[in-house]
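Chemist: sequence first, predicted model second:
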Amino acid sequence: MLLRVRVTLPDRPGTLGQVARTLGVSGADIVQVVVLERLGGRAVDDFTVVWPGAARVERLLAGLAAIPGVRVDGVWRAIGAPTTTGQDAELLAQVAANPADGLATLVDAVPGLLAAEWAVAAVVPVDWASRTGGGGATVGHASWRTPVPPRLPEVTPLRARSMTMPDGSHFAVAPFGRAGLVLVVSREHNETLTPAAFHSTEVDRLAQLVRASAVILGDRLDLVGPPGRHRQPLTARDLV
């Protein structure tokens, strides 16, 4: 299976090589490395690796923890192929080519681009500011791995941001800027793997995709609503 491994490490010669060798010795086959941040003598890198399904991840974590100055920020299953240059542009081209299904195309594709589990386009009511707990939000479209009903954070259509729930699940949210629509992307904590929070570069990437899609889709976004007459609004109990 594909795993995403996020590591914070000293930004000095040789450390990246040590991490790569440790991954290899542990049984991981590296297929991609993405540098998310280099600041103050530290770097944050995402490794996408092929990992033997029968192998225990604890072996990998122990090897990385033994490297001086290295911290593992998260290990989680990567959905889809590793990120390649041009994927965002290709996605926006698909949205533009078929605007009638543009929102669904965006929502379905984003989890693969951001190594997340699922995504939804949530419709926040106009009077959200006077409500408590975010009650009343509905799901305009959900990707295929989305639980029913989805556990959403308290979403508001103000700005793109990341957030972490008490159970360790991580979310990134980005508003479309109209119709109360907010794109919500989730990485869920489970018993065997612990995902990393969405990095600021990932939130920025999501926001750019959402803004560009909003320009492409325009007034079509005003027509988005619950997909089916039996869809019920999410209550405060469904929202964290």
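Modeler: Cool, got the structure.
Chemist: so for the longest helix seen in the chain, mean pLDDT?
Modeler: When the chain is parsed with DSSP state H, its longest helix is helix 200-217. Here helix 200-217 scores 96 as its mean pLDDT.
Chemist: in that helix, what counts as buried?
Modeler: 202-203, 205-207, 209-210, 212-214, 216-217 (16 or more other Cβ atoms under 10 Å). To be clear about C-beta, it is placed using only N, CA and C from the backbone, and glycine gets the same treatment.
Chemist: which other helices and strands does it contact?
Modeler: strand 29-39, helix 87-97, helix 102-113, strand 161-164, strand 170-175, strand 181-187 (3 or more Cβ pairs under 8 Å, 6 or more residues apart in numbering; DSSP states H and E).
Chemist: if we go to 6 Å?
Modeler: helix 87-97, strand 170-175 (3 or more Cβ pairs under 6 Å, 6 or more residues apart in numbering; DSSP states H and E).
Chemist: what comes up buried for stretch 23-31?
Modeler: Those would be 23, 26-28, for stretch 23-31 by 16+ other Cβ under 10 Å.
Chemist: now, the most widely separated pair of those?
Modeler: Largest separation among the buried residues of stretch 23-31 by Cβ to Cβ: L23 and G27, giving 8.4 Å.
Chemist: any weak-confidence spans in the protein?
Modeler: 54-55, 80-85, 127-136, 225-240 (pLDDT under 70).
Chemist: how does it look with 80?
Modeler: 53-55, 79-85, 126-137, 156-157, 190-192, 225-240 (pLDDT under 80).
Chemist: columns mean neighbour count and distance to V184 on top of the helices and strands packed on helix 200-217, output as TSV?
Modeler: Compiled in TSV, those are given as follows (neighbours: other Cβ atoms under 10 Å; distance: least, Cβ to Cβ, whole Å):
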stretch	mean neighbour count	distance to V184
helix 87-97	15	17
strand 170-175	25	5
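Chemist: could I get those as a markdown table with distance to A115?
Modeler: Converted to a markdown table, the helices and strands packed on helix 200-217 look like this (distance: least, Cβ to Cβ, whole Å):
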| stretch | distance to A115 |
| --- | --- |
| helix 87-97 | 12 |
| strand 170-175 | 11 |
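Chemist: and these: which comes nearest V123?
Modeler: If we rank the helices and strands packed on helix 200-217 by Cβ to Cβ, the stretch that ends up nearest is strand 170-175, at 11.4 Å.
Chemist: ok, that closest one: who's next to it in the sheet?
Modeler: strand 161-164 (antiparallel), strand 181-187 (antiparallel) (DSSP bridges).
Chemist: dump the ones you listed into a markdown table; add mean neighbour count and distance to S143 as well.
Modeler: Shown next, in a markdown table, are the strands paired with strand 170-175 (neighbours: other Cβ under 10 Å; distance: least, Cβ to Cβ, whole Å):
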| stretch | mean neighbour count | distance to S143 |
| --- | --- | --- |
| strand 161-164 | 16 | 18 |
| strand 181-187 | 26 | 9 |
